[in-house]
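A.B. asks: model the structure of this input:
(chains A and B)
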Amino acid sequence: MNAMTKKQLSIIATKLRMLIVEGTHAAKCGHPGGSLSSADLLAYLYNVEMNVDPANPRDPNRDRFVLSKGHAAPVLYAALAEKGFFPKEEIWHLRHLGAMLQGHPDMNGVPGVDMSTGSLGQGVSAAAGMALAAKMTGKDYRVYALLGDGEIEEGQVWEAAMFAAAKKLDNLVIVVDNNNLQIDGTIEEVNSPYPIPEKFAAFGCNTIVIDGHDFDQIEAALNNAKETKGKPTAIVMTTTKGKGVSFMENAVGWHGVAPNDEQYEVAMAELNALLAEQQKEV
Amino acid sequence: MAEIVKKATRDGYGQALCDLAEVKSDFVVLDADLAAATKTGMFKKAHPDRFVDCGIAEGNMMSVAAGLAASGLTVFASSFAMFAAGRAFEQVRNSIGYPHLNVKIGATHAGLSVGEDGATHQCNEDIALMRSIPGMTIINPADAVEAKKAVFAAAQADGPFYLRFGRLAVPVVFDDDYPFEIGKGVELVEGTDVTIIATGLMVNEALIAAENLKAEGVSARVINMATIKPIDKEIIVKAASETGAIVTAEEHSVIGGLGSAVAEVLVESTPVPMVRVGVQDAFGKSGPALKVLEMYGLTAANIAAKAKEVIARK
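C.D. replies: A predicted model of the protein is given here:
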């Protein structure tokens, strides 16, 4: 990845973060923390990695993304809107009655959403099913699933990991957003799933640990996944929950709470300042 | 009367999958380590490249099925009713039902007729669970012929299906000309005093009950209600209007199954005296299937007795 691409990705990621803040503020609820932590990954996936076309969102040969941590819907909606799947104005109606954007992703209602998710642990299995479908029908698309680190306390995640390895689904990439926080506290306090990479390795996955806010590391891990044959790849990305908004960073309370008007102004001012700086460099 | 041929509906299911493969290519079959029992093993043997054993992980299997269906394939996902509808309820609800995907759940070993395995495996609650999911079609075939027709119809229809099959070999009551249609009850015997609406293996018991009642001068109509959701309101209302009394008969809890579905139609349209023959809010027990069915009153004799009771209430 050249320096210019990286700078442009940084700008996109900041724009996604702004849309996350705008959407949750407009909804007066939602999940900003875990959306902000995965904004860099989604910026990379939708703008570099994945073969997707907003003009043909149901292309049978497209790559698929499954937001297994469905509560982070704001980051997915932001990435899809930024890519042009639907107008950004939809974000302002997030979670409103009658609006297109539901609290959790609905594959039948939103262009670009590949799977309805929200009940934790199920999306990764569905992603495995999509990867299996590619193998069974001779297609070469790839499937990406994003999980929360709290989510992997669900037993179904490990059923899915076992299944994906047993069926040699090397077209499946499981990414864990390891921001270390869940609703009731740190993931160690609640019901520690650590050590995470060792667990995925034991289940038969090619396992990589990266900094989830570093585009070079994201790129290297996803390329490694492509080169790895005969088994799925699990990328454990270390992230900061609430990344990009100073008062949300690493704060347990910002899992499922929206910014009020005052907090919204502060958050947007910070992100606007960051964006201006990033745009100056391009 | 011709010699009675007995065949389990699960055998009808396994054979139907194999037959379906002759005419349809874009479907796959999943199982959860029970292929020999659910009879998907017949399909596995014939089409190993289109069969996936998901192991003992039914929740994962249902969500994998959803992912396959979201990728354009029709999926038959099989396990015992207890695990398909019970353990994996939430996966069926959220991964399959909510997105309205083309997953056809082939649930075998439903009801008390599992027999010796006992209460943990005798699922009498699956219809109730599946009825609660919006957009789910539920079919409970009476014999192996109807089982095959149900599989073919489900494969051609859009959206999620719950196909309920049994372990026990039961009399084959229909021939290949039987007019199966999703969402339609079928009147098997004409009658004017009472209507017996039955599903699954209770259809044959209802036919016997009607014959015995006839000998006693009671004219009992018999309806086979294979599709429990969407329920055929028209045939229920007609039966209530014309016969004035209803008995339902099912190998399932009287809570949430066929009896509930029929009662819901009647109270909102044509209230008439009604009795529900089924499992009376109880767990099952180990024993030979026919003995267990008898112990819980799932017999022609009990249907006939209840028919007379309900007629007396008119």
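
A.B. asks: please tell me how far whichever residue of the stretch 1-150 of chain B sits closest to chain A sits from residue A:124.
C.D. replies: As assessed by Cβ to the nearest Cβ, chain A sits closest to residue B:67 within the stretch 1-150 of chain B, at 2.2 Å. Any C-beta I mention is one placed from the backbone N, CA and C, and that applies to glycine too. Using Cβ to Cβ, to the nearest Å, we find residue B:67 at a distance of 9 Å from residue A:124.

A.B. asks: can you check residue A:28 too?
C.D. replies: 30 Å.

A.B. asks: which one of these two has more residues nearby?
C.D. replies: residue A:124 (37 against 14; other Cβ atoms under 10 Å in any protein chain shown).

A.B. asks: the closest residue to residue A:54 other than its chain neighbours - how many residues pack around it?
C.D. replies: Once flanking residues are discounted, residue A:54 sits nearest to residue A:84: 4.1 Å by Cβ to Cβ, 6 or more residues apart in numbering or on different chains. When neighbours are counted by other Cβ under 10 Å, residue A:84 registers 13.

A.B. asks: surely residue A:84 and residue A:56 touch.
C.D. replies: No: the pair residue A:84 and residue A:56 does not pass the contact test of Cβ atoms under 8 Å, sitting 11.8 Å apart.

A.B. asks: neighbours of the residue of the stretch 51-200 of chain A found nearest chain B, just the number please.
C.D. replies: As assessed by Cβ to the nearest Cβ, chain B sits closest to residue A:129 within the stretch 51-200 of chain A, at 2.2 Å. Neighbour count of residue A:129, defined by other Cβ under 10 Å: 38.

A.B. asks: who's in contact with it?
C.D. replies: B:63, B:64, B:65, B:66, B:67, B:68, B:69, B:70, B:71 (Cβ atoms under 8 Å, 6 or more residues apart in numbering or on different chains).

A.B. asks: quick check, it in a helix?
C.D. replies: Yes: according to DSSP: H, G, I helix; E, B strand; the rest coil, residue A:129 belongs to a helix.

A.B. asks: how far away is the residue most central in space within chain B from residue B:181?
C.D. replies: Central residue of chain B (Cα atoms, centre = their mean): residue B:140, 1.7 Å from the mean position. Computed as Cβ to Cβ, the residue B:140 to residue B:181 distance reads 15 Å.

A.B. asks: one more: residue B:288?
C.D. replies: From residue B:288 across to residue B:181, the span is 35 Å (Cβ to Cβ).

A.B. asks: got it, and residue B:18?
C.D. replies: With Cβ to Cβ as the criterion, residue B:18 and residue B:181 are 23 Å apart.

A.B. asks: residue B:205 now?
C.D. replies: When residue B:205 is compared with residue B:181 (using Cβ to Cβ), they lie 23 Å apart.

A.B. asks: neighbour count winner among those two?
C.D. replies: residue B:205 (25 against 12).

A.B. asks: surely the more buried one is in contact with residue B:304?
C.D. replies: No: using Cβ under 8 Å, residue B:205 is not in contact with residue B:304; the gap is 9.4 Å.

A.B. asks: I figured the residue of the stretch 1-150 of chain B closest to chain A was touching residue A:122, is that so?
C.D. replies: No: contact between residue B:67 and residue A:122 fails when scored by Cβ under 8 Å: they sit 9.6 Å apart.

A.B. asks: now do the strands in chain A.
C.D. replies: Along chain A, counting by DSSP state E, strands occupy A:64-67, A:143-148, A:172-178, A:181-182, A:185-186, A:206-211, A:233-238.

A.B. asks: I'd like these as CSV, with distance to chain B and mean pLDDT appended.
C.D. replies: Shown next, in CSV, are the strands of chain A (distance: least, Cβ to the nearest Cβ, whole Å; pLDDT from 0 to 100):
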stretch, distance to chain B, mean pLDDT
strand A:64-67, 8, 98
strand A:143-148, 8, 98
strand A:172-178, 10, 98
strand A:181-182, 20, 96
strand A:185-186, 25, 95
strand A:206-211, 20, 98
strand A:233-238, 16, 98
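
A.B. asks: would TSV of these with mean neighbour count and distance to residue B:166 be doable?
C.D. replies: Converted to TSV, these look like this (neighbours: other Cβ atoms under 10 Å in any protein chain shown; distance: least, Cβ to Cβ, whole Å):
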stretch	mean neighbour count	distance to residue B:166
strand A:64-67	29	36
strand A:143-148	29	37
strand A:172-178	29	37
strand A:181-182	24	44
strand A:185-186	14	48
strand A:206-211	19	44
strand A:233-238	25	41
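
A.B. asks: will you turn those strands into a markdown table that also has distance to residue B:25?
C.D. replies: Conversion of the strands of chain A to a markdown table gives the following (distance: least, Cβ to Cβ, whole Å):
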| stretch | distance to residue B:25 |
| --- | --- |
| strand A:64-67 | 22 |
| strand A:143-148 | 23 |
| strand A:172-178 | 24 |
| strand A:181-182 | 44 |
| strand A:185-186 | 51 |
| strand A:206-211 | 33 |
| strand A:233-238 | 31 |
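
A.B. asks: on that earlier part again, hey, what's in contact with both of residue B:67 and residue A:124?
C.D. replies: Taking Cβ under 8 Å, 6+ apart as the contact rule, residue B:67 and residue A:124 both touch residue A:66.

A.B. asks: so which elements touch the strand or helix carrying residue B:311?
C.D. replies: Element membership of residue B:311, judged by DSSP states H and E, is helix B:300-312. Judged by 3 or more Cβ pairs under 8 Å, 6 or more residues apart in numbering or on different chains; DSSP states H and E, the packing partners of helix B:300-312 are strand B:194-198, helix B:202-215, strand B:246-253, strand B:274-279.

A.B. asks: to chain A, which of the ones you listed lies closest?
C.D. replies: Among the helices and strands packed on helix B:300-312, strand B:246-253 sits nearest to chain A (Cβ to the nearest Cβ), with 25.8 Å.

A.B. asks: quick one: the closest one to chain centroid distance?
C.D. replies: 11 Å (Cα atoms, centre = their mean, to the nearest Å).

A.B. asks: fine, thanks again, bye for now.
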